[in-house]
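**Student:** Test case, fold it:
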Amino acid sequence: MSTFSKSLPPDGNGGVFALDCEMCYTKQGLELTRVTVVDAEMKVIYDTFVKPITKVVDYNTRFSGVTQEDLESTTITLRDVQAVLLSMFSAESILIGHSLESDLFALKLIHSSVVDTAIVFPHRLGLPYKRALRNLMAEHLKRIIQDNVEGHDSSEDATACLELMIWRIKEDAKGKR
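**Tutor:** Presented below is the predicted three-dimensional model:
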């Protein structure tokens, strides 16, 4: 599924959004279990648990923060999430995230206007190595994230990506004065 062009607001701005997804292991491989979208004002505008299509073999809670209890009552499917995101985003929207290819793959979504903090802040050894979002936040914004023993929080991670990009833009602007 792909985002598409649609009528833009009068300012022509398709919007800037930060996105983070959490996944679990199923009999079919990794599947989406949570998706969070943060707007340019760093407000969470969409956050939902997602029912995997196939049987879960590992909730990956240590990293995802998602538990069996979180998913027991959810009826939201991947298709439901896609419908919401396609109404929220247009092809002109800019999506920010960390290792966005994994999130977009889990969402089964194609989108070309992306800013990936794993690329903007490259590993010193180059690809395929990537710096951890936690380390980028500690180094550049002097803040500790992902400090919860119960796993990651997708809203914290999405917000962190947006904050990193705002910091990078400000730093780059200082160098051009």
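
**Student:** Just the buried residues of the helix or strand bottoming out on mean pLDDT in the chain, please?
**Tutor:** Within the chain, no helix or strand scores below helix 61-64, which has a mean of 84 by mean pLDDT, DSSP states H and E. Residues of helix 61-64 classed as buried: 61, 64 (neighbour count, 16 or more other CB atoms under 10 Å). All C-beta atoms are positioned from the backbone trio N, CA, C, and that covers glycine.

**Student:** Can you tell me which helices and strands it packs against?
**Tutor:** Judged by 3 or more CB pairs under 8 Å, 6 or more residues apart in numbering; DSSP states H and E, helix 61-64 is in contact with strand 16-26.

**Student:** Okay, now the sheet partners of the following helix or strand past the strand it packs on, with direction.
**Tutor:** Next helix or strand after strand 16-26 toward the C-terminus (DSSP states H and E): strand 29-39. Strand 29-39 pairs in its sheet with strand 16-26 (antiparallel), strand 44-49 (antiparallel), by DSSP bridges.

**Student:** Redo those as TSV? Include distance to residue 127.
**Tutor:** Listed next are these as TSV, based on distance: least, CB to CB, whole Å:
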stretch	distance to residue 127
strand 16-26	21
strand 44-49	30
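
**Student:** which stretch among the ones you listed comes nearest residue 1?
**Tutor:** Shortest distance between residue 1 and these, using CB to CB, is found for strand 16-26: 14.7 Å.

**Student:** next one: that closest one to chain centre, how far?
**Tutor:** 5 Å (CA atoms, centre = their mean, to the nearest Å).
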